[in-house]
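> with the sequence up front, the predicted model follows.
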There are 2 protein chains.
Amino acid sequence: MAKQDKESFVTEITPRSQDFSRWYLDVVRRAELADYSPVKGCMVIRPYGYAIWELIQQAFDKEFKRTGHQNAYFPLFIPESLLTKEAEHVEGFAPQVAYVTHGGGEELEEKLVVRPTSEAIFGTMYAKWIQSWRDLPILLNQWANVVRWEKVTRPFLRTTEFLWQEGHTAHETAEEAETETRMILDLYSSLSHRVLAMPVVKGQKSESEKFAGALRTYSIEALMGDGRALQAGTSHNLGQNFAKAFEIKFQARDKSVQHVWGTSWGVSTRLVGGIIMTHGDDSGLVLPPAVAPHQVVIIPIGRENWRETVLPRAKEIQAELVAAGIRVTLDERDERPGWKFSEWELRGVPIRLEIGLKDIEKAHVMIARRDTREKMSLPMDGVAPRLRELLDDIQQNLLNRALAFREEHTQRASTYDEFKAAMDGRPGFVISPWCGSADCEAQIKTETQATIRNMPIDGQSPGGTCVHCDKPAVAEAWFAKSY
Amino acid sequence: MAKQDKESFVTEITPRSQDFSRWYLDVVRRAELADYSPVKGCMVIRPYGYAIWELIQQAFDKEFKRTGHQNAYFPLFIPESLLTKEAEHVEGFAPQVAYVTHGGGEELEEKLVVRPTSEAIFGTMYAKWIQSWRDLPILLNQWANVVRWEKVTRPFLRTTEFLWQEGHTAHETAEEAETETRMILDLYSSLSHRVLAMPVVKGQKSESEKFAGALRTYSIEALMGDGRALQAGTSHNLGQNFAKAFEIKFQARDKSVQHVWGTSWGVSTRLVGGIIMTHGDDSGLVLPPAVAPHQVVIIPIGRENWRETVLPRAKEIQAELVAAGIRVTLDERDERPGWKFSEWELRGVPIRLEIGLKDIEKAHVMIARRDTREKMSLPMDGVAPRLRELLDDIQQNLLNRALAFREEHTQRASTYDEFKAAMDGRPGFVISPWCGSADCEAQIKTETQATIRNMPIDGQSPGGTCVHCDKPAVAEAWFAKSY
């Protein structure tokens, strides 16, 4: 980042309240999270953005493994004939697909699809590997890139190529598949809360929003700072649809031949976008400590000779924090402290630790929290455990703040007039009774831009009539405008 | 894996001495490391193979980060016009490239290349990011999939799609770039020895074997169990070739405008193949503990009621080993111990720990080493630290064994008759003086199938004449037949 004075630096970010969408793009670019590439719709994830993704990956991967899943890697290319085996699946994905037609200087006999998702190739291999109920369940996951041709793209939120994990499992019974689908949904939800400090609503998608080829799709939906919802993860019960299309059969305990029951589920680099839009403010990014590449930045303060007078003590503190398992960076650059402050604010580092000559004399350091901007003085002695506590507190505070925001931006509407007023006014979630008809759902979308994000799982009928028509309601749907 | 008796199980692996190539494929398939996919030339990396790759990744990634590199992610697709900017580069890669011609239901205006390597896209972004010497060095790495159209493929060793890491760096001076190139070569070498227990020869490639577009290519070359060499990693000094092609310029300290000096370097899933062919034997895989997904397998021995009598104590030992940081699995399946023994031998688990009723009475366990097949009895008390030592010993023993094998299979030849006799007889490395002519190199390859793997870095001229012609020798070249 070229040297600039603090003022010009800060004004380069559009205020959130003025234009949320431009604010988002400014933060992504100025915090060096990602950059546009010469390939239409594809971004470059820069080191700082990728480091956040690595921390997300580690947290999720650990939970997948703890719950018995194993990682594997399946091919990028899928022969077109495999993709077309499941009718709904191909219908859903065909318009978004990229085709490889030439390889090694020759035109290919069969076009290859660049995977938009990998049910077809997992299904093909599962058919080969599974013979008996003893081979079940198969619980695999892969971390991979996928490609979906997109007309309108936005870094992290919607790009032609993106990184994700996709779990694909095969089970003996319908019950087991449903249990797996929901267990993963719970896992996604708890990781979003605990690691990303991003509250999510768990629920089931409507028929028109479910995954192409699934029996049922569940999702977690977060609420961004502009009141729009973000689908942050999905877990699909595939039933026997893919098993029938790909002939994934097994000999059951009773010797009969059965089709397996499948699930698939994924979260992607979109989560990085979710973190930005849940916590960020006019000064830039605000990172939850659990996914902050640097949890603490140490900034030495002083006159010309700070390298001699302050830096040695700053390095000792750095070593102490490293030893305590805190991710810390020490900013030794020849820049004014004020410039450094705003750069690290922009980058969302949870805690700034300032140390100058006077601090050393008093055996204190100055601390500034990124979330509350609170400043405090702490004794150098025992600073590592104190910062550890502070990081936990920041993590919790960010979650609480986001929960409170969602609370404020969630309303109920039982009439269509109330519904429209809510959607026109302060945006957010609007919970309304719905008749279950796709037509009603489509009309609401046309008229208000709001879609059903999801509905409570195993929810009782709410009674009363649909918010849009006069038919009896079958579910309480969570509506929102969404990304 | 379906239940089978021990005999049929073992005979399904072709003996190494009978047909090394079939032995390799048998091990890959039977140890469930990888499987063929319906996509020509692409494999599925199964969980056991992928777990080995994850351990390799972790070890390498840690060293990259320790030496100041950061991870990032660049797009899979490269517009054709970018690939063609560096003349030698495109000439080298064009025949191997896969093209995306259609996306989102339309023919693309410009064909996209599926990355065979990413110099072109890193170069394009570096040109955008680098303005001043203050922006240098840039030290990036990515873990990614790449695609090179291959006519003949073999799991892990040569596949159309493979996984790798590719480092791309930009520097202020030629010296810095050379230092980086060699530092990475040293790092690759030391990780190969220390983690993979796979000795490698470090050296410089000949002009005809260097990377398309590089100034100089260095490589590490390992010797497989059949006496063929395997190029296990390469580190390229790109000079200013890509900087000139992509206009990556910076304002130097003296205010002049200069092109940066570049490097790139990579290792791939090929390393998994290297491990198999360095250490494996007629019973299957032999894994160095550092990359073994399970370092110890516990097998309870006993009559029908072993679940009541032996299993509880086995689980306690498992917990002890886990607590000591050992990767351990407990085989609770309802199979005969002998069947389990051969399966875990096939899978190359370094240590088998057997525990039966009598062992419990004596407070002992039986240990079998996979590398030496040595069996020994160990007191239960303090078994974890003892196994830790044993794992270190196995790791060291595998390296020593491989070093001794290479020693035995490395010869010197100063005349062409000696050279041909060496290449026809016991295969391995043959070190011979070479005149530096590409014609000589090509003729030797045609006549003997042997290629120059690499040459000592900064080597003195060996004196004498070329092993093939009468011209003065300029280098001592390491020849071998190779993968």
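Received it, and whenever you're ready, just let me know what you need.
> following element in sequence after the host helix or strand of A:T169, please.
Using DSSP states H and E, A:T169 maps to strand A:161-171. Downstream of strand A:161-171, the first helix or strand assigned by DSSP H and E is helix A:174-194.
> tell me the mean pLDDT for that following helix?
In this model, helix A:174-194 has an average pLDDT of 98.
> who's in contact with that helix?
A:59-60, A:63-64, A:67, A:137, A:139, A:167, A:169, A:171, A:198-200, A:202, A:216, A:218-220, A:222, A:232-233, A:235-239, A:261-263, A:265, A:267, A:271, A:290, A:399, A:457 (CB atoms under 8 Å, 6 or more residues apart in numbering or on different chains). Where C-beta positions appear, they are placed from N, C-alpha and C, glycine not excepted.
> sorry, back to before: run the chain-centre distance for the strand holding A:T169.
Using CA atoms, centre = their mean, to the nearest Å, the mean C-alpha position of strand A:161-171 is found 14 Å from that of the whole chain.
> would that strand count as contacting chain B?
Yes: if you take CB under 8 Å from any CB of the partner chain as the test, strand A:161-171 does meet chain B, through A:E161, A:L163.
> chain center to stretch A:417-436, what's the gap?
25 Å.
> before we move on, what about stretch A:35-43?
For stretch A:35-43, the separation from the chain centroid amounts to 20 Å (computed by CA atoms, centre = their mean).
> near the residue in the stretch 151-300 of chain A that chain B sits nearest to, how many other residues are there?
Nearest residue of the stretch 151-300 of chain A to chain B (CB to the nearest CB) works out as A:E161 at 5.2 Å. Neighbour count for A:E161, taken as other CB atoms under 10 Å in any protein chain shown: 23.
> got a list of what it touches?
Each residue near A:E161 by CB under 8 Å, 6+ apart is listed here: A:G41, A:C42, A:N145, A:V146, A:V147, B:P75, B:L76, B:F77.
> what about stretch A:86-106 and chain B, touching?
Yes: Stretch A:86-106 lies within reach of chain B by CB under 8 Å from any CB, at A:A94, A:P95, A:Q96, A:V97, A:A98, A:Y99, A:V100, A:T101, A:H102, A:G103, A:G104, A:G105.
> and of those residues, the nearest to chain B?
Nearest to chain B among those, with distances taken as CB to the nearest CB, is A:G104, at 3.3 Å.
> for the closest one, which residues are in contact?
The contact partners of A:G104, taken as CB under 8 Å, 6+ apart, are B:P95, B:Q96, B:V97, B:A98, B:W149, B:E150, B:K151.
> circling back: so which of the contacts of A:E161 sit within strands?
A:N145, A:V146, A:V147, B:F77 (DSSP state E).
> A:G103 and B:W149 touch, don't they?
Yes: look at A:G103 against B:W149 with CB atoms under 8 Å: they come within range, at 4.4 Å.
> overlap in contacts of these two?
Here A:G103 and B:W149 share the contacting residues B:V97, B:A98, B:T160, scored by CB under 8 Å, 6+ apart.
> chain A next: which of the residues you listed are close?
B:V97, B:A98, B:T160.
> for the second one, give me the pLDDT.
What the model reports for B:A98 is a pLDDT of 96.
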